[in-house]
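Peer 1: Fold the stuff below for me.
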Amino acid sequence: MSSSKYCIFIGNPLPELFLVNTVNKNFAIGDNIAQNELIDGLYNEYKENLSVITIAANFNNPKVLNKKTKKQNIKLDCGVSAVAVGNLNYSRILYFLSLMITYTIALYKIMHSMKKKDRNSKFLVVSNATFAWVTLPVCFAKIFYKICYIPFLIGSVELPELTGISGIISKLSKIMLKISDGTISYVEASSKDYTKKPYVTILYSLKKEKIQLSEEYINTKKENDKFTICYTGTLSKVNGIDKLMTLIKKTKGKYRWIICGTGEYKEDFQNLSEDKLLDMKYMGIMDNKEVIKLQNNSDLLILFRSVETNIYKYYSKYAASGKLVEYLLSGTPIITNNVESISKEIKPYLNFVDYQNINAVIERIENIKNEYKRFEDTADKGREYVKIYANTKYQNKKIIDFLENTYNKKYKL
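Peer 2: The predicted structure follows:
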């Protein structure tokens, strides 16, 4: 007798509007976008045979942190309904322990319900990462049900900065990978170094709305009266922001700098923006449309990844930055440092520099400024590449093909 295939996604995807306004720090906007775009692709393939498990939060009042949250149902931006499990957000450990329990209950109930409809059913489970609070529920479910398990490694496999109990739980992630049947990853090293199972590497994908917006701004781009360099993103040392500040100070108003984002260096940039000799504007947090416009209208985009300590080196190897794909969409030349997590597919369109050598960075900027047409042509090629290969439709097809192939091989279909 033939069997039915049911797909279950387990993670923490939420509506984007909630995430922008919430004070809950257990979510990341980049991770959320990646999960929602994947779920959109899963729904297009599996329709009513797709179930999504996520995390309940204080959706009615995102400005207030709710310590105890009950299970509820929500609708994601892609239109898919999800079961949002309850949790206890009193401490990091209690939060994740409560999720292990509620994830397990929700996963078991969905599988039990599907099995009642079709006793020959098999399951394809996709998770956000392999952290213990996600993977242990899958381990439990594998005792009772036939599961093809494929985690989506959106960020790094481990969190090396964590210590104590949190650090031990983080290290369990690499052990948890052993129960998987394959992995989806933005960084090939994350799959190759941690598991011998099949994998597919993808690029951060661009929604068609973002591509359309960029098209509009490309056609209205104006020449700047002064060479303008822009950074948009998190103001953290992970992104080499300390070196960016040094660069801005050393160039002393030679270029116009536009900085957009927030983070640990927010106040430093607010102070720098008051120094008129530096010609630097700090824009804070801006909406997506304005960020795309800034990137398109700049002369140069900049992004560094720190490699100064073992922790930063780990992230530079295993945690990709979707910002570079977003930057490439603008058709504006980009300078960055060459780290292992950057996909080899987009490296030909980037301009690499030793970000720790400030004089070398300035020399590179001058080189781009003086031969701008040549570097702009390379940037245009990068723009065309990501439009074709980094769009959501293309990347989701790549993922679905891998899921189907891995599932069929496991069950010899």
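
Peer 1: helices and strands of this protein: which one bottoms out on pLDDT?
Peer 2: Between all helices and strands in the chain, the lowest mean by mean pLDDT, DSSP states H and E belongs to helix 164-176, at a mean of 82.

Peer 1: Report all helices and strands that it contacts.
Peer 2: Packing contacts for helix 164-176, counted by 3 or more CB pairs under 8 Å, 6 or more residues apart in numbering; DSSP states H and E, involve helix 92-117, helix 132-144. The C-beta positions use only the backbone N, C-alpha and C, and glycine is treated the same way.

Peer 1: Of those, give the one that comes closest to Val238.
Peer 2: Of all the helices and strands packed on helix 164-176, helix 92-117 sits nearest to Val238, with 19.5 Å by CB to CB.

Peer 1: If you count neighbours, what's buried in that closest one?
Peer 2: In terms of neighbour count (16 or more other CB atoms under 10 Å), helix 92-117 has its buried residues at 95-107, 110-111, 114-115.

Peer 1: Now for the closest residue to Lys71 other than its chain neighbours, how many residues are close by?
Peer 2: Distances taken as CB to CB, 6 or more residues apart in numbering place Gly86 nearest to Lys71, at 4.4 Å, with adjacent residues excluded. Gly86: 17 surrounding residues under other CB atoms under 10 Å.

Peer 1: got it, and the one 3 residues further on?
Peer 2: Residues near Asn89, counting by other CB under 10 Å, number 21.

Peer 1: From Glu371, how far off is it?
Peer 2: Applying CB to CB, to the nearest Å, the value for Asn89 to Glu371 is 53 Å.

Peer 1: Sketch out the low-pLDDT regions of the chain for me.
Peer 2: Along the chain, the model assigns pLDDT under 70 to residues 1-3.

Peer 1: the domain parsing of the protein - what is it?
Peer 2: Domain ranges of the chain: 5-205+392-410, 208-389, per automatic domain parsing.

Peer 1: Check the offset of the last one from the chain's centre.
Peer 2: Right, the one you point to is domain 208-389. 17 Å (CA atoms, centre = their mean, to the nearest Å).

Peer 1: So Ile53, which state does it fall into?
Peer 2: strand (DSSP: H, G, I helix; E, B strand; the rest coil).

Peer 1: check contacts around it.
Peer 2: Ile53 makes contacts with Ile8, Phe9, Ile10, Gly11, Ala82, Val83, Val85, Tyr103, Ala106, Leu107, Ile110, as judged by CB atoms under 8 Å, 6 or more residues apart in numbering.

Peer 1: switch the cut-off to 6 Å
Peer 2: By CB atoms under 6 Å, 6 or more residues apart in numbering, the contact list for Ile53 reads Ile10, Val83, Ala106.

Peer 1: Identify the residue spatially nearest to it, adjacent ones excluded.
Peer 2: Leaving aside its sequence neighbours, Ile53 sits nearest to Ile10 (CB to CB, 6+ apart; 4.5 Å).

Peer 1: The next helix or strand along the chain from the least confident helix or strand of the chain pairs with which strands, parallel or anti?
Peer 2: Next helix or strand after helix 164-176 toward the C-terminus (DSSP states H and E): strand 183-185. With DSSP bridges as the test, strand 183-185 is paired with strand 147-153 (parallel), strand 199-201 (parallel).

Peer 1: What lies in contact with the next helix or strand after strand 183-185?
Peer 2: Using DSSP H and E, the next helix or strand after strand 183-185 towards the C-terminus is helix 188-194. Residues from elsewhere that reach helix 188-194 (CB under 6 Å, 6+ apart): Leu153, Val157, Lys174, Leu177, Thr183, Ser185, Tyr199, Thr201, Lys317, Tyr318.

Peer 1: Can you flag the buried ones in the residues you listed?
Peer 2: Buried by 16+ other CB under 10 Å: Leu153, Val157, Leu177, Thr183, Ser185, Tyr199, Thr201, Lys317, Tyr318, out of the contacts of helix 188-194.

Peer 1: before we move on, what SS does the second one have?
Peer 2: Right, Val157. coil.

Peer 1: okay but it is in contact with Leu172, surely?
Peer 2: No. Between Val157 and Leu172 there is no contact under CB atoms under 6 Å: 10.6 Å.

Peer 1: Look up how far Glu274 lies from Lys117.
Peer 2: Distance from Lys117 to Glu274, by CB to CB: 65 Å.
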